[in-house]
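Colleague: Quick check, what structure comes out for this input:
(chains A and B)
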Amino acid sequence: NAGVTQTPKFQVLKTGQSMTLQCAQDMNHEYMSWYRQDPGMGLRLIHYSVGAGITDQGEVPNGYNVSRSTTEDFPLRLLSAAPSQTSVYFCASSSATGAYGYTFGSGTRLTVV
Amino acid sequence: AQSVTQPDIHITVSEGASLELRCNYSYGATPYLFWYVQSPGQGLQLLLKYFSGDTLVQGIKGFEAEFKRSQSSFNLRKPSVHWSDAAEYFCAVGPPSYGKLTFGQGTILTVHP
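Modeller: Next up is the predicted model:
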């Protein structure tokens, strides 16, 4: 059982470039979300989804887009990368009951130069 | 608005000593509380969660946490720390599965032999 899979693990972008961080889960979880982790700030919610076709903004959504066309996938798009988006990004999923808490992927370390 | 405060940024203990990591939360409804652990370069692993019922919650790796509503606290404890417990620990609050977790800033645990 793979759980939550994030790709790529590392990425370097130039300012202004766009890219998509991939997130896939094989647990048939209804809820998925994206967080960014910065030193001393814990994890902050970027966007989340409660099901296919339904997304909403979290605490720090600016500069990011999401869509959820299937239950399994929840990609995060950076429209025009900025140095302030240098961070570690985590995707998480949970079932409707939350019985097992949230399952996190292993993260994507993004550097914008 | 929900929030989590972990007052200790960095804690150092000797192997075999007891451990308590503090967590205070603010949440408008019945809180759902989580403790996660993150080893360097890794994702987050769920240690334990509190949804309701017994206020003393047992988790994995010998950890436990006590929910105290009157103090808005959810402190993590371990009676005897092992060198492998060195990691960063995050307290979080939110709905059980909706995808909107709020994290504390994290506490880095160093274990001396």
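Colleague: buried stuff in the helix or strand containing residue A:111?
Modeller: Residue A:111 belongs to strand A:108-112 when assigned by DSSP states H and E. Neighbour-count burial for strand A:108-112 flags A:108, A:110, A:112 (criterion: 16 or more other CB atoms under 10 Å in any protein chain shown). Heads up, the C-betas are built off the backbone N, CA and C, glycines and all.
Colleague: Which helix or strand contains the residue nearest to the first one when sequence neighbours are not counted?
Modeller: Excluding the flanking residues, the one nearest residue A:108 by CB to CB, 6 or more residues apart in numbering or on different chains is residue A:89, at 4.7 Å. Assignment of secondary structure by DSSP H and E places residue A:89 within strand A:87-94.
Colleague: Tell me who's in contact with the spatially closest residue to residue B:11 that is not a sequence neighbour.
Modeller: Spatial nearest neighbour of residue B:11, excluding adjacent residues (CB to CB, 6+ apart): residue B:109 at 5.5 Å. Residues in contact with residue B:109 (CB atoms under 8 Å, 6 or more residues apart in numbering or on different chains) are B:11, B:12, B:13, B:19, B:21, B:81, B:85, B:86, B:87, B:88, B:89.
Colleague: how about a cut-off of 7 Å?
Modeller: B:11, B:85, B:86, B:87, B:89 (CB atoms under 7 Å, 6 or more residues apart in numbering or on different chains).
Colleague: Going by distance to chain A, which of these wins?
Modeller: Of all the contacts of residue B:109, residue B:89 has the smallest distance to chain A: 10.8 Å, by CB to the nearest CB.
Colleague: now the residue at minimal distance from the centre of chain A, what's its secondary structure?
Modeller: What sits nearest the mean C-alpha location of chain A, by CA atoms, centre = their mean, is residue A:34, with 3.1 Å. Secondary structure state of residue A:34, per DSSP: H, G, I helix; E, B strand; the rest coil, is strand.
Colleague: ok, for it, nearest residue in space, not its chain neighbours?
Modeller: Counting by CB to CB, 6+ apart, residue A:34 lies nearest to residue A:46, which is 4.3 Å off, once chain neighbours are set aside.
Colleague: Contacts for the strand or helix carrying that neighbour, please.
Modeller: According to DSSP H and E, residue A:46 maps onto strand A:43-51. Residues from elsewhere that reach strand A:43-51 (CB under 7 Å, 6+ apart): A:30-37, A:55-61, A:64, A:66, A:68, A:74, A:76, A:90, B:90, B:98-101, B:103.
Colleague: Could you rerun that using 6 Å?
Modeller: A:30-37, A:55-61, A:64, A:66, A:68, A:74, B:99-100, B:103 (CB atoms under 6 Å, 6 or more residues apart in numbering or on different chains).
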